[in-house]
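*Asks:* Fold the following.
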Amino acid sequence: MNHHLEHSSKYFLHSSAQIMLQSNVVTGFLFLVGIGINSSTMLLGCTLAMLSSLAIVEIFQYDSDRAKKGFYGFNAALVGIAVFSLLPLNLISLFLVIFGGALSAFLMHMMMTKIPNIPPLTAPFILTIWIIGLIIDFWEIPRINQGGNVVPLSTSLIDLLSGVLSGVGQVMLQGSWLSGAVFCCALLCSSYKTVVWVMLGSATGLLVAITFGFSHESATLGFYSFNGCLVVIALIDRYPDRYWLIFFALLSTVVLTRGFEIVAIPAFTAPFVIATWLSIGLVKFRTKLSLQNT
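*Replies:* Predicted structure coming up:
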C-alpha cells in the first residue's frame, strides 16, 4: 500500500513538473501549489486527469520508465486544468476531465511509439482539448463566462513585470502573476538558467505583442507570452548556441498565437508545438544542406 502510494505520488509530481519539461519532484510540487493558490477547481481537474492517465498506464502496461518520468501524465494535467477553464465544476466537466486524461495518455503513447523521431511535447493535450471543445459545442454545454474587467497594460516597470509573470502563469492557464512567480520559484529548484530564459521568453512575447499593436488585454493576461516560455525551455538545451533559432521560435509563437486568434481557434499550446517542430525541422534541413555542399 505504501509502495503504491509512493509510486502514485512520484507519478503526479513528475507529471506536473514535465508541464514545463522539468524532472524535479520539488518543482512539480510547487507547480501544483501555484495552480492551487489561483484555482482549487483547476487543481482538482489537474489531479483527477493525472489519476485517469495513471489508470491507463497501469491497465495497458505502458513503458514504466517513461511513466516514472511523467511523460504520460503532464498532458493529462493540462487537460484537467483546461476543462475547468472552459466549464464550471459539475458531473459533465468531471467526466470530461477523466475522459480527457485517459485520451491524452493514449495519444501520448501512440506518438512516442509510432513516430518516435518527433517529440510529442503537448500535442496530445492540444488534440484532446480540441476534441473536448467540439463535444462541448456539439452538445451545447454551457461554458464559463470568461469576460471580465482587465486593466490595460501600461509601460511602467511594475506592470510590465506583472505581464511577464502572468505569461509564465499562463503556461498552466493561470491568469495570475502570483502563480507565475511561484512557477519561477519552482523552476529555480531545477535550474536558475531556465528561470532566466523563461522570463526572457515571456518578456519577448509581451514586447512583440505590444510593438505590433496586438490586443493589450491579451498581452496583459500573458496570452502572447506563455508559448514563448515553453519554446525556449524546449530549445535552449537542444541548441544551446543557436540564439537566432530561439529568437525565430519566439517570434513564431507570437505570430501563430495571433493567427489562431484571427481564425477563432483556441490556441492553447499549439504555437509552442508548431514553432518547436519548425525549429527542429529547420536545423535538420540546414544540416542536411551543409552535408550536401561539402
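*Asks:* what's the nearest residue to Gly34 if we skip its chain neighbours?
*Replies:* Val182 (3.5 Å; Cβ to Cβ, 6 or more residues apart in numbering). Where C-beta positions appear, they are placed from N, C-alpha and C, glycine not excepted.
*Asks:* Helices of this structure, start to end?
*Replies:* 2-17, 25-38, 40-60, 64-68, 74-86, 91-114, 123-138, 157-169, 177-188, 192-211, 216-221, 226-236, 243-262, 270-293 (DSSP state H).
*Asks:* how far does the fourth one sit from the chain's center?
*Replies:* I take that to be helix 64-68. On the basis of Cα atoms, centre = their mean, to the nearest Å, helix 64-68 sits 20 Å off its chain's mean C-alpha point.
*Asks:* Mind giving me the packing neighbours of it?
*Replies:* When contacts are defined as 3 or more Cβ pairs under 8 Å, 6 or more residues apart in numbering; DSSP states H and E, helix 64-68 sits against helix 2-17.
*Asks:* Give the buried residues for the helix it packs on.
*Replies:* Lys10, Tyr11, Phe12, Leu13, His14, Ser15, Ser16, Ala17 (16 or more other Cβ atoms under 10 Å).
*Asks:* Look up how far Leu178 lies from Ala102.
*Replies:* Ala102 sits 32 Å away from Leu178, going by Cβ to Cβ, to the nearest Å.
*Asks:* Between those two, which is the more surrounded one?
*Replies:* Comparing Ala102 with Leu178 by other Cβ atoms under 10 Å, the one with more neighbours is Ala102, at 22 against 15.
*Asks:* so who does that one touch?
*Replies:* For Ala102, the contact set (Cβ atoms under 8 Å, 6 or more residues apart in numbering) comprises Ser52, Ser53, Ala55, Ile56, Ala76.
*Asks:* Drop the exposed ones from those residues and show what's left.
*Replies:* Buried among those by 16+ other Cβ under 10 Å: Ser52, Ser53, Ile56, Ala76.
*Asks:* Take those and write them to TSV, including pLDDT and distance to Met172.
*Replies:* Below are these laid out as TSV (pLDDT from 0 to 100; distance: Cβ to Cβ, whole Å):
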residue	pLDDT	distance to Met172
Ser52	98	18
Ser53	98	16
Ile56	97	22
Ala76	98	13
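*Asks:* As a markdown table, the residues you listed with distance to Tyr192 would be great.
*Replies:* Formatted as a markdown table, those follow (distance: Cβ to Cβ, whole Å):
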| residue | distance to Tyr192 |
| --- | --- |
| Ser52 | 34 |
| Ser53 | 31 |
| Ile56 | 35 |
| Ala76 | 29 |
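*Asks:* can you pull the pLDDT of the nearest residue to Tyr72 once chain neighbours are set aside?
*Replies:* Distance criterion Cβ to Cβ, 6+ apart; nearest residue to Tyr72, sequence neighbours excluded, is Ala105 at 4.7 Å. Per-residue pLDDT puts Ala105 at 98.
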